[in-house]
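just coords:
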């Protein structure tokens, strides 16, 4: 079973020297990752911070970056954060959010998954 997945950030993390880092790896999340993230004081005071803490737990590598901390994830561009959130959902088999839509051509109503990246 594959537990670690490589990725390429759409924009890239820019370090303090102005160097862009795009390659990285993310591992499958564990129950412990989720529990630690939910107990984090930053998440308790601001629940929207959960994504930042959780991604810092499961991203095992960004080329040239020694430590992947929440502060690292905070510095990502919005496109990269959305890409990583989508990847987290896909590799952990989490159902994507759905939107009810009406086809403008035929008028048929159906649900479609919301994809936060521009891929497929």
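That came through fine. What you see is a predicted model; the values in this text were computed from it and never measured.

after the helix or strand of the chain with the lowest mean pLDDT comes which helix or strand?
When each helix and strand of the chain is scored by mean pLDDT, DSSP states H and E, strand 98-102 comes last, with a mean of 74. Following strand 98-102 in sequence order, the next helix or strand is strand 109-113 (DSSP states H and E).

what mean pLDDT does that following strand get?
Strand 109-113 shows a mean pLDDT of 78.

show me the contacts for residue 3.
By CB atoms under 8 Å, 6 or more residues apart in numbering, the residues touching residue 3 are 27, 28. Where you see a C-beta, it was placed from the backbone N, CA and C, and this is true even at glycine.

wait, residue 100
Contacts of residue 100 (CB under 8 Å, 6+ apart): 109, 110, 111.

hmm, try it at 6 Å
Taking CB atoms under 6 Å, 6 or more residues apart in numbering, we find residue 100 in contact with residue 111.

for residue 63, same thing?
Residues in contact with residue 63 (CB under 6 Å, 6+ apart) are 21, 23.

look up how far residue 112 lies from the most far-flung residue of the chain relative to its centre.
The C-alpha centroid of the chain is most remote from residue 106, which lies 34.7 Å away (CA atoms, centre = their mean). From residue 106 across to residue 112, the span is 14 Å (CB to CB, to the nearest Å).

may I ask you to name the longest helix in this protein?
helix 78-91 (DSSP state H).

counting contacts, what elements does it pack onto?
Contacts defined by 3 or more CB pairs under 6 Å, 6 or more residues apart in numbering; DSSP states H and E place helix 78-91 against strand 4-14.

next one: stretch 64-76 to chain centre, how far?
The chain centroid and the centroid of stretch 64-76 are separated by 13 Å under CA atoms, centre = their mean, to the nearest Å.
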